[in-house]
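1. Show me how the following folds:
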Amino acid sequence: MKMTKLAALAFLTAIGTAASADMQIADIRAFETAPTAMAGGGFMRITNTGATDDRLVAVEANFPRVELHSHDFDNEGIARMIHLEDGIVIPAGETVTLEPGGLHVMFMGLRGSPLVAGETVDATLIFEDAGPVSVTFDIVKRDMQHEHNHSDGHNH
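-> All right, here's what the predicted structure looks like:
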């Protein structure tokens, strides 16, 4: 059975992955949040199958603000989030993992509209060269075992 590019993209998106010409995005998820939470995190693995580096420069979704973040620790070991204004480099031929405690998407301004397990968040990843890629974040229960199973050690 022959699939068109559009049909293939729709199929991949339906199973928690998405792709563009050079970017493959997998394990797209966000954790449920408490009813009073003001923000929630989004996570995924991005593989650049192209011959040149690219950069994830933004994520668009229906929230007051969506930012790309990383974590840093101060001298006392306290974590703080850092807004990555220049985006995240996705080196050619490599995979970058956005995961808890590292690089992540931050959905900000929830204001009493929590992320609920079983629901989804539609978003668009904006790459400097590859352009926009539509994705759907599956909202899942926060599970420490789940978090550790998705780490592949390729943070950049």
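
2. And Gln24, how close does it get to Glu67?
-> 23 Å (CB to CB, to the nearest Å). For every residue, glycine as well, the C-beta is placed using N, CA and C.

3. Same check on Ala18?
-> Ala18 is 20 Å from Glu67, where distance means CB to CB.

4. ok, now which ones touch Gly41?
-> Listed by CB atoms under 8 Å, 6 or more residues apart in numbering, the contact set of Gly41 reads 30-31, 100, 104-107.

5. Out of the residues you listed, show me where the pLDDT dips lowest.
-> Scanning the contacts of Gly41 for pLDDT, the smallest score is found at Pro100, 92.

6. Return the distance of it relative to Arg111.
-> Distance, Pro100 to Arg111, using CB to CB: 23 Å.

7. Those two - which one has more neighbours?
-> Neighbour comparison, Pro100 and Arg111: the larger count goes to Pro100, with 16 against 11 (by other CB atoms under 10 Å).

8. wait, what's in contact with the closest residue to Phe73 other than its chain neighbours?
-> Spatial nearest neighbour of Phe73, chain neighbours left out: Ala79 (5.5 Å); criterion: CB to CB, 6 or more residues apart in numbering. For Ala79, the contact set (CB under 8 Å, 6+ apart) comprises 71-73, 101.

9. Sweet, I'm off.
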